[in-house]
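# got a predicted structure plus its sequence, pasted below:
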Amino acid sequence: MRRSSRHYKNEASREPFELDLEAPIEGGPTFVTFLDPNKLPSESAFDIARMGDAENSLRSLLSEDEYPPFWAEWRKRPIEELNDLLEDVQKHYGSDPKKLPR
């Protein structure tokens, strides 16, 4: 059986996962939008899995403009809160962290 890449293209989309910022930076966004981890380029997903770098993972789920205001607010929070947030993002988008490339 022969297949082409279009057999694996998934056009489904979900509502974006938006997080209100409690203390937005003046002139900055009042919320940030997390990207769908399932829609990251394969190259990025492999890099994230290979490095195991939490900051790189987080940066890949937020735009360049949204990461600084998000991090300004969340950098002092307990790690379990950040882990819970990232778990909620994955659940929202139907992402299975066990399926990340190894």
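Here it is on my side, so go on.

# use CA for all of it now, contacts and neighbours both
Will do.

# so where is the protein shaky, pLDDT-wise?
The chain contains residues with pLDDT under 70 at 7-13, 51, 96-102.

# which of the residues in stretch 32-49 are buried?
Under the neighbour-count criterion of 16 or more other C-alpha atoms under 10 Å, stretch 32-49 has 32-38, 45, 48-49 buried.

# so which of these belong to helices?
Those of the buried residues of stretch 32-49 mapping onto helices are 45, 48-49, per DSSP state H.

# now render these as JSON lines, adding distance to residue 67.
As requested, these are exported to JSON lines (distance: C-alpha to C-alpha, whole Å):
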{"residue": "45", "distance to residue 67": "18"}
{"residue": "48", "distance to residue 67": "16"}
{"residue": "49", "distance to residue 67": "20"}
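
# which of the residues you listed sits closest to residue 95?
For these, the residue nearest residue 95 by C-alpha to C-alpha is residue 45; the value is 12.1 Å.

# how about residue 44, what does it touch?
Residue 44 sits next to residue 60 when contact means C-alpha atoms under 8 Å, 6 or more residues apart in numbering.

# so what's residue 93 closest to, chain neighbours aside?
Excluding the flanking residues, the one nearest residue 93 by C-alpha to C-alpha, 6 or more residues apart in numbering is residue 36, at 5.9 Å.

# mind listing what that neighbour touches?
16, 61, 89-90, 93 are the contacts of residue 36 under C-alpha under 8 Å, 6+ apart.

# related to what we said a few turns ago, name the nearest of the buried residues of stretch 32-49 relative to residue 3.
In terms of C-alpha to C-alpha, no member of the buried residues of stretch 32-49 lies closer to residue 3 than residue 38, at 21.3 Å.

# spit out the contact partners of that closest one.
For residue 38, the contact set (C-alpha under 8 Å, 6+ apart) comprises 93, 95.

# mind running it again at 7 Å?
By C-alpha atoms under 7 Å, 6 or more residues apart in numbering, the contact list for residue 38 reads residue 95.
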